[in-house]
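Asker: what follows is a predicted structure for the sequence shown.
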Amino acid sequence: MPTNNESSADVEQWFWDQATNLWPAALGSLSLRRSPCIREHCEACLKGEKHPSHVLYLRMKGRRFTIYIPDELVPEVQRSLDNGRELQELLYQTAMRYTKALKHERTAKIQTVKK
């Protein structure tokens, strides 16, 4: 729990303690999609069935990308996305705590100079 007199160094230590187990971390969206294949006479496609596959959707420099994810890698990719969301939340918390710490340090410095 943060205190009102937490230092920026305290916040840094807290951040690293919290982030230690958040690797691998990624942002994006994992989705199961169903689509036809490219084979001309695929029985499944001719019956109207589509082939399932997992894809990772992500954005880089404003552009949307999709990456095919083999079934055996889905659990690890999902874990990285879960960690990425936790890390993102941790960064929001860090922003608040670090800013408060900087303000506290500035106030303490000003009060020291006035004495």
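Answerer: Perfect, I can see it now.

Asker: how close does residue 93 get to residue 19?
Answerer: 11 Å (CB to CB, to the nearest Å). In short, each C-beta sits where N, CA and C put it, glycine included.

Asker: same check on residue 65?
Answerer: Here the distance between residue 65 and residue 19 works out to 26 Å (CB to CB).

Asker: give me the element residue 10 is part of.
Answerer: helix 8-19 (DSSP states H and E).

Asker: same question but for residue 110, I mixed them up
Answerer: Here residue 110 sits within helix 74-114, counting by DSSP H and E.

Asker: which other helices and strands contact that helix?
Answerer: Packed against helix 74-114 by the contact rule (3 or more CB pairs under 8 Å, 6 or more residues apart in numbering; DSSP states H and E) you find helix 8-19, strand 29-35, strand 51-60.

Asker: now these as TSV including mean pLDDT?
Answerer: TSV is the format used below for these (pLDDT from 0 to 100):
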stretch	mean pLDDT
helix 8-19	95
strand 29-35	93
strand 51-60	93
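
Asker: can I get those in JSON lines including distance to residue 78 and mean neighbour count?
Answerer: Output for the helices and strands packed on helix 74-114, formatted as JSON lines (distance: least, CB to CB, whole Å; neighbours: other CB atoms under 10 Å):
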{"stretch": "helix 8-19", "distance to residue 78": "19", "mean neighbour count": "14"}
{"stretch": "strand 29-35", "distance to residue 78": "6", "mean neighbour count": "12"}
{"stretch": "strand 51-60", "distance to residue 78": "9", "mean neighbour count": "14"}
